[in-house]
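A.B. asks: this is the structure alone, sequence omitted:
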């Protein structure tokens, strides 16, 4: 097995005395793990920071063997790890991909959505420019893994468009007319998710609550405690920043 591709570092764990096992997301080959010799060294540790973009080369004798991985830095986001809010966003975005995606299966739309969020965080660490993109990224992960929301028409009336809620059970959209009397049992659907345009903070937090419900129920079922802890830290920092 030989793969050479640009990749986003998702996570690392120590392996042996000096090495690490890194997991990185490529566009055409999905998540690929690899052993990086000397990965804990002063030279390579900054390269293997989650969210960095690298040129990776994986080599293994068989597909079942853990590949050896060499990396060359393309773009570093290490400076953002010194900014608490941006660092929390980087950690959650990469943690979600690392936890949700099976290895060696390509998800180009998730790869592109993650890359877009990371670029947005880098361009606007203040959060105003990337929080909405983060919510959209989470919905892309749901959709690509087979748990996308059904927002074509109201599941109650059959009416197209004008959706204002989502059923927490089915993930189907519900219009205001169809939701009468049941509003408190439904999840609000912010307009920017279906109509585009700018989003204000109440809508952004509503979108993040919406995606969290389905991520925790459908994707992160066995990893809720550890994985969603990174998200909880981010939401807490966003809330304190906006207070």
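C.D. replies: Perfect, I can see it now. Remember, predicted model here, so these are calculated numbers, not experimental data.
A.B. asks: where do the strands sit along this protein?
C.D. replies: 2-15, 19-26, 30-36, 53-59, 68-75, 163-166, 173-175, 187-188 (DSSP state E).
A.B. asks: how about those strands, which one is nearest residue 230?
C.D. replies: Among the strands of the chain, the nearest to residue 230 by C-beta to C-beta is strand 2-15 (10.8 Å). Quick note: C-beta positions are derived from backbone N, CA and C, even for glycine.
A.B. asks: can you count the residues close to the residue nearest to residue 239 when sequence neighbours are not counted?
C.D. replies: Once flanking residues are discounted, residue 239 sits nearest to residue 205: 7.9 Å by C-beta to C-beta, 6 or more residues apart in numbering. Using other C-beta atoms under 10 Å, residue 205 has 19 other residues around it.
A.B. asks: same thing with residue 161?
C.D. replies: 12.
A.B. asks: ok, residue 104 next?
C.D. replies: Residues near residue 104, counting by other C-beta under 10 Å: 14.
A.B. asks: what does residue 95 give?
C.D. replies: So residue 95, with other C-beta under 10 Å, has 22 neighbours.
A.B. asks: correct me, but it touches residue 25?
C.D. replies: No - counting by C-beta atoms under 8 Å, residue 95 sits too far from residue 25 to count as a contact (12.0 Å).
A.B. asks: now do the shared contacts for the two.
C.D. replies: residue 10 (C-beta atoms under 8 Å, 6 or more residues apart in numbering).
A.B. asks: how much space between the residue lying closest to residue 52 once chain neighbours are set aside and residue 49?
C.D. replies: Nearest residue to residue 52, sequence neighbours excluded (C-beta to C-beta, 6+ apart): residue 9, at 4.9 Å. Residue 9 sits 7 Å away from residue 49 when distances are taken as C-beta to C-beta, to the nearest Å.
A.B. asks: of these two, which one has the most company?
C.D. replies: Regarding residue 9 and residue 49, a neighbour count based on other C-beta under 10 Å identifies residue 9 as having more, with 23 against 19.
A.B. asks: could you report the pLDDT at the residue located most distally from the centre of the chain?
C.D. replies: The centre of the chain is farthest from one residue, residue 181, which by C-alpha atoms, centre = their mean lies 34.3 Å away. As predicted, residue 181 sits at a pLDDT of 96.
A.B. asks: check residue 223 too.
C.D. replies: pLDDT, residue 223: 68.
A.B. asks: isn't residue 111 right up against residue 31?
C.D. replies: No - look at residue 111 against residue 31 with C-beta under 8 Å: they stay out of range, at 9.6 Å.
A.B. asks: what sits in contact with each of those two?
C.D. replies: Joint contacts of residue 111 and residue 31 (C-beta under 8 Å, 6+ apart) are residue 25.
A.B. asks: centroid residue for the chain?
C.D. replies: residue 93 (3.8 Å).
A.B. asks: contact partners for that residue?
C.D. replies: 51, 114, 117-118, 121, 134, 137.
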